[in-house]
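Asks: okay, structure incoming, though there's no sequence with it:
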């Protein structure tokens, strides 16, 4: 484990705090053993891997925001990423400990604000566990089996594609995967990260191969392949032409006919940015990364990985629009596709190659979803650990196994919680609606991390000077500018939720307000109970938040 004594190493000193010895915490037991390449893969898994975006998440925007210029939104989202990720990177390099937004806000603002921010992040990640399990079968295995069955003319795979999306299979497969990933987590973070890196890099390589296939295919190649696939499943019509015609009759918005809708383009920025932004999840396991206190490594693990993920999505969209046709994509993904098959990048890619290559690529795409699930689990595992280490939750959640260096009680708790959420996601029609409501909590983190960064810069010069956060470009300090950018971006995204709530599936606008009020109430109650419980034990919990957490 690395020393935390010097600011020059990227670990700010606790000098000037003058805490009693009883408040100097022992080491966490976590070990910095994750190499940078695996940390990059984890950051991508915490966000939405490019294979998942292209396989499913991408196309929901067309129907929700008719006429939106999705390409422009992607470009703007990529350009906006530094506004959020630079401040996370600098704060993580300065305080490379488990806890993310909770850690930063609790130390530089107030513990209640740290809990408020992080409860929102945690709630979003926890529900995303269920969504990832749902996605594994509904826009992972089911479409994959349908594609494989179509290109190989296997009726068994077609049947399997229908069965695997049923609630019972969704729950069973998701639960098995949650248990398997939890066991892998217990075996060691370095071990788990290595396997996640394999999955992310293999699925990303499949995306690159798919993009290359489309790049060297003409539009006529696609039309011929589409009609050939249609013939193999008993449809003997010009599917491309019919899909576009039916879309026009059904009211699909074609930019080539009606132009782009400015208002919906603004609104579509929210889901577009959400699909690529969450590489800041890496801050929750950053205390286990090699060289975590180095600014450059943090910028690469979060900012560079986010930019690479976003650029790959953008390239995929541009090539699809050229080879496939943008109007057809809009119609096909808005319910007018002339085949009983999923209108996704994976299907269109598979049609343009031979069956063996198609099967390999489609399965490689599916591999990204378990990695995405692990990203949500890992964040949720570190939350009870970080809170317990501070004394907010029972200390048992902060126990770290001496051999595997993993917080086993926190992992087991998260596994049980994940299975329960998966049960909800599998059998309740209201889960996806609730997931839409919870979006309002997802962008509290950049607001409060930005405020924490401003506090570090203006109020804690002793910690700022000599730390990785002290970074000047052309003589201009980066931290306060990045902090203001993160705050402004977070507030803008929160505003979009309320303005475009109907497009986003937020039927009752008062529910997001109640969620925010409930999170604040939960933060106040949790902190108050913890302070009183620790006071009964002779410990002043408020002094804990005046210290930098131990390694």
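Replies: Nice, thanks for sending it over. These numbers were taken from a predicted model, which means no experiment stands behind them.

Asks: let me see the contact set for residue 340.
Replies: Taking C-beta atoms under 8 Å, 6 or more residues apart in numbering, we find residue 340 in contact with residue 233. From N, CA and C alone the C-beta is placed, and that goes for glycine too.

Asks: that one falls within a helix, correct?
Replies: No. Counting by DSSP: H, G, I helix; E, B strand; the rest coil, residue 340 falls outside a helix, being coil.

Asks: report pLDDT for it.
Replies: The score at residue 340 is 79. That number is its pLDDT.

Asks: how near is it to residue 160?
Replies: Shown here: residue 340 relative to residue 160, a distance of 15 Å by C-beta to C-beta, to the nearest Å.

Asks: cool, residue 278 as well?
Replies: 31 Å.

Asks: higher neighbour count, the two?
Replies: residue 278 (29 against 19; other C-beta atoms under 10 Å).

Asks: mind checking how far the more buried one is from residue 304?
Replies: Taking C-beta to C-beta as the measure, residue 278 falls 15 Å from residue 304.

Asks: residue 433 now?
Replies: From residue 433 to residue 304 the distance is 35 Å (C-beta to C-beta).

Asks: the two: which is more packed in?
Replies: More crowded of residue 433 and residue 304, by other C-beta under 10 Å: residue 304, with 18 against 15.

Asks: for that one, which non-adjacent residue is spatially closest?
Replies: Once flanking residues are discounted, residue 304 sits nearest to residue 40: 7.4 Å by C-beta to C-beta, 6 or more residues apart in numbering.

Asks: residue 301 is in contact with the one you found, correct?
Replies: Yes. Counting by C-beta atoms under 8 Å, residue 301 is a contact partner of residue 40 at 5.4 Å.

Asks: so between the two, which is more surrounded?
Replies: Neighbour count, other C-beta under 10 Å: between residue 40 and residue 301, residue 301 has more, with 31 against 24.

Asks: ok, the more buried one touching residue 37?
Replies: No. Residue 301 is not in contact with residue 37 according to C-beta under 8 Å; the separation is 9.4 Å.

Asks: residue contacts, residue 109?
Replies: Contacts of residue 109 by C-beta under 8 Å, 6+ apart are 448, 451-452, 455.

Asks: cool, and residue 448?
Replies: Contacts of residue 448 by C-beta under 8 Å, 6+ apart are 101, 104-105, 109, 113-114, 116-117.

Asks: neighbouring contacts of the helix or strand that residue 160 is a member of?
Replies: Assigned by DSSP states H and E, residue 160 falls within helix 155-163. Residues from elsewhere that reach helix 155-163 (C-beta under 8 Å, 6+ apart): 141-146, 148-150, 169.

Asks: how about a cut-off of 6 Å?
Replies: By C-beta atoms under 6 Å, 6 or more residues apart in numbering, the residues outside helix 155-163 that reach it are 142, 145-146, 148-149.

Asks: next one: stretch 95-107
Replies: 91, 113-114, 117-118, 121, 283-284, 286-287, 292-293, 382, 386, 445, 448-449, 452, 545, 549.

Asks: let me know the secondary structure of the residue in the chain sticking out farthest from the centre.
Replies: Residue farthest from the centre of the chain, counting by C-alpha atoms, centre = their mean, is residue 236 at 41.1 Å. What three-state DSSP gives for residue 236 is coil.

Asks: got the phi and psi for it?
Replies: phi -110, psi 60 (degrees, to the nearest 10).

Asks: so the closest residue to it other than its chain neighbours is in which element?
Replies: Leaving aside its chain neighbours, residue 236 sits nearest to residue 230 (7.2 Å; criterion: C-beta to C-beta, 6+ apart). Assigned by DSSP H and E, residue 230 belongs to helix 219-232.

Asks: from the chain's centre, how far out does that helix sit?
Replies: For helix 219-232, the separation from the chain centroid amounts to 35 Å (computed by C-alpha atoms, centre = their mean, to the nearest Å).

Asks: touching that helix from outside, list them.
Replies: Contacts for helix 219-232 (C-beta under 6 Å, 6+ apart): 150, 239-240, 323-324, 339, 351-352.

Asks: low-confidence stretches in the protein?
Replies: 1-31, 55-60, 548-551 (pLDDT under 70).

Asks: wait, what's in contact with residue 295?
Replies: So residue 295 contacts 93, 468 (C-beta under 6 Å, 6+ apart).
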